[in-house]
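Novice: My questions concern the predicted model and sequence given below.
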Amino acid sequence: MQILGIRHHGPGSARNVRQFLEEMRPDIVLIEGPPDADGILQWVGKDALQPPVAILVYQPDDPKHAVFYPFSEFSAEWQAILYARQNNIPVRFMDLPVMHSLAIGKQSVGERQSQGEDNLSASRQSAAWNEDIADVKNVRKDPIGYIAAAAGFDDGEHWWEMMFEQRQNNEAIFEAVSEAMQALRSAFPGNKDRKEQLREAYMRKVIRQAQRELFTNIAVICGAWHVPALENMPRQKEDNELLKGLPKVKTDCTWVPWTYSRLSFESGYGAGIHSPGWYEHVWNYPDDDGTRWMSKVAGLFRLKQMDTSVAHVIDAVRLANTLAALRQMPRAGLQELNEATWSVLCNGEDVLLQLIRDELIIGKKIGSVPDDVPKPPLQVDIEKWQKKLRLAITADWKAYTLDLRKDNDLERSIFLHRLSILDIDWGQKNEVGGKGTFKELWQLKWRPELSVDIVEKGIWGNTAEEAASAWIIEQCKEAATLLQVAALLQQVIPAELAAAAQYVAQHINDMAAANNDVLELVKVIPGLAGIVRYGNVRQTDSGMILSLLNSMITRICIGLPAACCGIDEDTARSLTDDCAQIEHSIQLLKHQPFLVQWQQCLQQIAHNPHAAAMLKGFAVRQLMDYRILQGEVLYNIFYSSLSKAVAPAEAGAWLEGFLKGSGTILLLDDQLWQTVNNWVKQLDENVFTQLLPLLRRIFAEFSQSERRRIGEKVKSGSVGPKTQIGTNIDTGKARLGIPVVMQLLGYH
């Protein structure tokens, strides 16, 4: 038996393992990995399974409990599996099965929750336990760091690069790794981590099983830390006692695409590497002196429209190799190549070096998986639609601008909306500039974690349509407010889920009929009106939504005048914003019965002496725009609302409601302008100071053009009828007021 201690995901380790296996020619290969997945190793070696890929092991009845086992082309485990498959040699995983580790994890959580955090003795015992094994965990996490320090290196990664990934002659390397791990485990003997004990006991169990099956030339590939535990086996009885009675759960597994970005440390992957793209280059071109790599950098720069000549490449390669020679290294590594690139090609700009890191050093490669790999039904359906609609699975963002008037783009939109309902966030919908609702902008980026989301949502249906409908209906049942249910309807319509839409609409109708809170009803109208508008683009039957709107708008128009009375300032401002949205929605719908009811409601608010001042001002402005209030009647309301008899705060609130969103009326009507001007002039200094934030807020809502024109009108003195300006003006005091006026108008 030969035990090969490796480090995950390194071209040097992978090359050493492959060479050793070809020389050893074992009759069985045992690899550290989940035995649950032995049945899907048959796909390794097929052209359609292209790394980076990962084995996903999950619990079918609780899919959020899942584990990924990633592989790249330069992973030692991948090369070992590939060698076995190409040579028709049995290959098995030998780590603790996931069915046990998931069950143990759940059991541990349950025990901690049942014991509670107030058990002082348990807490003390746990603290002592953690202190005892802390050093061992640190060593196991990074044994390379300890070895590198012993060799005089500050950085374990740099040491490993020199000794393994770039080194060509690695004779007796596995004996050296075994000897080093023996020394480390002897120096830190207190291995009390139960999970590690179980893992190593199970590995030994699999090895003994292979020996009982009369395999004589066994190759074992495992993490370097485990080598001593497998070379110095305890008695079988001890391992059997340790493994006896382990809990277990049912698991399923499949292959899923992986990405280089998820293979890197930056993704949070514990066994990750710093430079997957660079490692792929080293794997494919082990003899490269830097020329090929620099050519890739130059190609990237040219693709980004940056001038890069052959001379740049030559100079950078020479500089990198010179740096390597000065550092007594046999060849230039990534550090030397990066420094040379930064000096010669980037002209000292870190931004360009970051571009190289993203595109080449880490890379954006994504793997592929065969169609015939066992997958959950929902995943099969999603992949079918992805291929039919020609939506590329990429590791980087890819933008799609969809024209909903085209059949294929409309189907794409429906599909992506269904995935969004299921919280499968493959795509992000962004705002599209311009007018109209016939376009959508989606940005798509595939993440391996989405495979778990798909498995988890598979319990709701075997297709995206079925699962999204069932999920929406379930969410509708759990929704506590009318606004939440209306938001669900906004999701359903663009996803074209007819049955779910009918269910949600009926639920809205039932809740609205039993809801006497007008303040909640008014918040629902804009969303429903938007659905009708959106439905017109998608050729969706809007009769159901119009029926809902008819019922709700009637209730609002009856109850809103009373709801405007006896409310505080914040509620009045919020309700005014909601009323502005209703006004916009009714204009959008162009439905005459709605308009008539809304105008009657506004008249009741405008003439109600007990209504909040801001809402009264808003109602008067809308009635003026509808030409229901005009002439002397309008001016009388305006004068009385801003008269000295009205409290300044109430008058200011009325004015804020009247001018909400637009100040053009002040530019067009000098009589109204003069009224506002006179009201401001009659305020004493203390009151004016108190109202200044309100006035600033009013003018801040105006467009920049309106503020500019109002400023020009003030500057020109066009304030109502011409008056004779006296000559006895205190210019000093006048200058002091200019900054206040300019600040009031939004100029700084």
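Specialist: Arrived safely.

Novice: how about the strands in this structure?
Specialist: 2-6, 28-31, 53-58, 66-71, 91-93, 218-223, 252-257, 398-403, 427-430, 439-444 (DSSP state E).

Novice: Throw these into TSV and include mean pLDDT, thanks.
Specialist: Listed next are the strands of the chain as TSV, based on pLDDT from 0 to 100:
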stretch	mean pLDDT
strand 2-6	91
strand 28-31	96
strand 53-58	91
strand 66-71	90
strand 91-93	96
strand 218-223	94
strand 252-257	91
strand 398-403	91
strand 427-430	88
strand 439-444	91
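
Novice: The ones you listed: which one's closest to Asp372?
Specialist: strand 252-257 (10.6 Å; Cβ to Cβ). All C-beta atoms are positioned from the backbone trio N, CA, C, and that covers glycine.

Novice: wait, what's in contact with the residue lying closest to Pro370 once chain neighbours are set aside?
Specialist: Excluding the flanking residues, the one nearest Pro370 by Cβ to Cβ, 6 or more residues apart in numbering is Ala48, at 3.7 Å. Residues counted as contacts of Ala48 (Cβ atoms under 8 Å, 6 or more residues apart in numbering) are Ser368, Val369, Pro370, Asp371.

Novice: Compare these and tell me which has the most neighbours.
Specialist: Within the contacts of Ala48, neighbour counts (other Cβ atoms under 10 Å) peak at Val369, which reaches 22 neighbours.

Novice: ok, the residue lying closest to that one once chain neighbours are set aside to Ala37 distance?
Specialist: In this structure, Val369 finds its nearest non-sequential neighbour in Trp255, 4.7 Å apart by Cβ to Cβ, 6+ apart. Separation of Trp255 from Ala37 (Cβ to Cβ, to the nearest Å): 9 Å.

Novice: For those two, list the residues in contact with both.
Specialist: Ile55.

Novice: Please report phi then psi for the residue nearest the centre of the chain.
Specialist: A centroid search over the chain (Cα atoms, centre = their mean) returns Asp425, at 7.5 Å, as the residue closest to the centre. Main-chain torsions, Asp425, degrees, to the nearest 10: phi -90, psi 60.

Novice: Tell me which residues touch it, please.
Specialist: Neighbours of Asp425 in contact, by Cβ under 8 Å, 6+ apart: Leu419, Leu450, Asp453.

Novice: returning to that earlier point: neighbour count: Trp255 and Ala37, which is higher?
Specialist: Between Trp255 and Ala37, counting by other Cβ under 10 Å, Trp255 is the more crowded of the two (25 against 21).

Novice: The more buried one contacts Leu41, correct?
Specialist: No: using Cβ atoms under 8 Å as the test, Trp255 is too far from Leu41 to be in contact (9.8 Å).

Novice: Below-threshold pLDDT in the stretch 401-550 of the chain: ranges please.
Specialist: 433-437, 533-542 (pLDDT under 70).

Novice: picking up where we left off before, out of the strands of the chain, which comes closest to Asp730?
Specialist: Nearest to Asp730, of these and by Cβ to Cβ, is strand 427-430 at 56.4 Å.

Novice: packing partners for that closest one?
Specialist: Strand 427-430 sits against helix 407-421, strand 439-444, with contacts defined as 3 or more Cβ pairs under 8 Å, 6 or more residues apart in numbering; DSSP states H and E.

Novice: Ok, which of those comes nearest Ile104?
Specialist: Set against Ile104 and scored by Cβ to Cβ, these come closest in helix 407-421, at 33.6 Å.

Novice: Off-centre distance for the closest one?
Specialist: Remark: helix 407-421 is offset 19 Å from the chain centroid, using Cα atoms, centre = their mean, to the nearest Å.

Novice: got the CA positions of stretch 640-654 in PDB?
Specialist: Only the C-alpha atoms of stretch 640-654 are listed here, as PDB (Å, rounded to 0.1, in the frame of the first residue of the first chain):
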ATOM      1  CA  SER A 640     -57.600  82.200   3.100                       C
ATOM      2  CA  SER A 641     -55.200  79.300   3.400                       C
ATOM      3  CA  LEU A 642     -52.200  81.600   3.700                       C
ATOM      4  CA  SER A 643     -53.800  84.500   5.600                       C
ATOM      5  CA  LYS A 644     -52.500  85.800   8.900                       C
ATOM      6  CA  ALA A 645     -55.300  84.200  10.700                       C
ATOM      7  CA  VAL A 646     -53.900  80.800   9.900                       C
ATOM      8  CA  ALA A 647     -51.000  79.400  12.000                       C
ATOM      9  CA  PRO A 648     -47.700  79.700  10.100                       C
ATOM     10  CA  ALA A 649     -47.000  75.900  10.400                       C
ATOM     11  CA  GLU A 650     -50.400  75.000   9.100                       C
ATOM     12  CA  ALA A 651     -50.100  77.500   6.200                       C
ATOM     13  CA  GLY A 652     -46.700  76.100   5.400                       C
ATOM     14  CA  ALA A 653     -48.000  72.600   5.300                       C
ATOM     15  CA  TRP A 654     -50.900  73.600   3.000                       C
END
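
Novice: all numbers from here: first residue = 63
Specialist: Got it, first residue is 63 now, which makes that one stretch 702-716.

Novice: And that stretch, what's buried?
Specialist: Ser703, Leu704, Pro710, Glu712, Ala713, Gly714, Ala715, Trp716 (16 or more other Cβ atoms under 10 Å).
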